[in-house]
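Asks: When you get a sec, could you give me coordinates for this:
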Amino acid sequence: MKKNIAIVMGGYSSEYDISIQSGNMVYESLDREKYTPYRILIQKEKWVLLDDQDAEFPVNRDNFSAEIQGTQVLFDCVFNAIHGTPGEDGLLQAYLDLLEIPYTSCGFYQAALTFNKRDLLSVLKPRGIHCAQSYLLDRGQEVRPDEIFARVGLPCFVKANRAGSSFGVTLVKEPGELRGALDAAFREDDEILIESALRGTEVSVGVIRYKGEVRVLPMTEIIPDGDFFDYKAKYEGQSREITPARIDDTTRDRVADTARFIYETLKMKGFSRSEFILVDGIPHFLEMNTTPGLTGASLLPQQAKAAGISVSDLFESSIQQALED
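Replies: Coordinates of the predicted model:
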């Protein structure tokens, strides 16, 4: 019997449009002989099921169901394609746990931890993971530029602590650029992470559960046209992305081992994509995405393809894993 799959998309963050693209990619790719997919649009003001003509049917949040022309639709599994809150920070996962509905992404604790860059680094550093030097700043806290630059140096990155797709990220090269960078980050979050700008090769590596096994995908080398891998580089073609990355076998194994260690240490499930800067062959961890982009321009599908995994197989494996857990 075919399974009803709710593909949740949208969300409450600046990554809304990307999430819609990811969700539509999943919707178009699922095998209709095995699944009946439904698109569920989540916004602050409404949760609705969209049919193929984009007609809207309200979602009953008491049991996460919808009624279409007098017929109640319940879901066997939720495919989480929301980037940012509430799909990547644990809120949606906790809600689905209470309803006992399986879902494709990691659990609520892992989502909350990885979405908070500062907390994640505090967990991984004692485990021996190399990271950039950092400085923490909250809204309302006194800004002490001399203290900041003494800690992280110049250039440095100013980042919104809980945001994705490089929203709220600025590369600061001169002291006078700090205030504008802080303003941009505070538009996304009330917590900021300021990090030293590491010089080296940037690589992105997907770690997933595929057919029940943890698998490290071929990694991607990132060569942005600008100063770093920002929104335009990620989604508007202003970068070169080379998969597999042009690094030697020893370095590749070191990155793969580190990415797998992080995935397994955090007791992850589902998809993940971690970013590293290679400094003298040593991977320095930047961040982990637990609902990475699934658009045609996204890295995880590129890496899966390089591993011989089609997007339909990638998505199906994630659903089956969720149903079996």
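Asks: For this protein, which residue occupies the most central location?
Replies: residue 289 (2.8 Å; CA atoms, centre = their mean).
Asks: doesn't residue 273 make contact with it?
Replies: Yes: here residue 289 reaches residue 273: they are 4.7 Å apart, a contact under CB atoms under 8 Å. Placement of C-beta: from N, CA and C, glycine included.
Asks: and after the one helix or strand residue 146 maps to, which helix or strand comes next?
Replies: Secondary structure assignment for residue 146, by DSSP states H and E: helix 145-152. Beyond helix 145-152 on the C-terminal side, the first helix or strand identified by DSSP H and E is strand 156-160.
Asks: what is the mean pLDDT for the very next helix or strand once past that following strand?
Replies: Using DSSP H and E, the helix or strand that follows strand 156-160 in sequence is strand 169-172. Mean pLDDT, computed over strand 169-172, is 91.
Asks: What residues does residue 140 make contact with?
Replies: Going by CB atoms under 8 Å, 6 or more residues apart in numbering, residue 140 touches no other residue.
Asks: Could you pull up phi and psi at it?
Replies: Recorded main-chain torsions at residue 140 are phi 90, psi -20, according to degrees, to the nearest 10.
Asks: That one and residue 192, how far apart?
Replies: 11 Å (CB to CB, to the nearest Å).
Asks: Let me see the ranges of the helices in the stretch 201-325 of the chain.
Replies: Per DSSP state H, counting those that start in this stretch, the stretch 201-325 of the chain carries helices over the ranges 231-235, 249-265, 299-306, 311-324.
Asks: Include mean neighbour count and distance to residue 89 when you put these into TSV, please.
Replies: Shown next, in TSV, are the helices of the stretch 201-325 of the chain (neighbours: other CB atoms under 10 Å; distance: least, CB to CB, whole Å):
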stretch	mean neighbour count	distance to residue 89
helix 231-235	18	19
helix 249-265	17	18
helix 299-306	22	19
helix 311-324	19	19
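Asks: Let me have those helices in a markdown table, extended by distance to residue 85 and mean pLDDT.
Replies: Shown next, in a markdown table, are these (distance: least, CB to CB, whole Å; pLDDT from 0 to 100):
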| stretch | distance to residue 85 | mean pLDDT |
| --- | --- | --- |
| helix 231-235 | 18 | 47 |
| helix 249-265 | 22 | 97 |
| helix 299-306 | 20 | 96 |
| helix 311-324 | 21 | 96 |
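Asks: Tell me which of these approaches residue 283 most closely.
Replies: helix 249-265 (4.7 Å; CB to CB).
Asks: contacts for that closest one?
Replies: By CB under 8 Å, 6+ apart, helix 249-265 touches 124, 127, 129, 203, 205, 207, 214, 216, 219, 244-245, 247, 272, 274, 276, 278, 281-283, 285, 288.
Asks: where does the protein dip in pLDDT?
Replies: For the chain, the stretches with pLDDT under 70 are 164-166, 225-238.
Asks: Can you give me the domain boundaries for it?
Replies: 3-104, 112-128+198-324, 133-196 (automatic domain parsing).
Asks: what's the spacing between the longest one and its chain's center?
Replies: In terms of CA atoms, centre = their mean, to the nearest Å, the gap separating the centre of domain 112-128+198-324 from the centre of its chain is 9 Å.
Asks: Endpoints of it, how far apart?
Replies: With CA to CA, to the nearest Å applied, domain 112-128+198-324 spans 23 Å between its terminal residues.
Asks: Now do the helix holding residue 146 against strand 156-160, angle only.
Replies: 100 degrees (axes from the mean of the first three to the mean of the last three CA atoms, to 10 degrees).
Asks: buried set for helix 145-152?
Replies: 148-149, 151-152 (16 or more other CB atoms under 10 Å).
Asks: Tell me which other helices or strands that helix touches.
Replies: When contacts are defined as 3 or more CB pairs under 8 Å, 6 or more residues apart in numbering; DSSP states H and E, helix 145-152 sits against strand 134-138, strand 191-196.
Asks: quick one: the longest one to strand 134-138, angle?
Replies: Orientation note: strand 191-196 sits at an angle of 160 degrees relative to strand 134-138 (the same axes, to 10 degrees).
Asks: Quick one: residues in contact with strand 191-196.
Replies: In this structure, residues lying in contact with strand 191-196 by CB under 8 Å, 6+ apart are 116-118, 132-139, 148, 151-153, 156-162, 182, 185-186.
Asks: Out of those, which end up buried?
Replies: Here, 16+ other CB under 10 Å leaves 116-117, 132, 134-135, 137, 148, 151-152, 156-162, 182, 185-186 buried among these.
Asks: In CSV: the helices of the stretch 201-325 of the chain, plus distance to residue 75.
Replies: Below are those laid out as CSV (distance: least, CB to CB, whole Å):
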stretch, distance to residue 75
helix 231-235, 29
helix 249-265, 27
helix 299-306, 24
helix 311-324, 11
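Asks: which stretch among these comes nearest residue 71?
Replies: helix 311-324 (22.6 Å).
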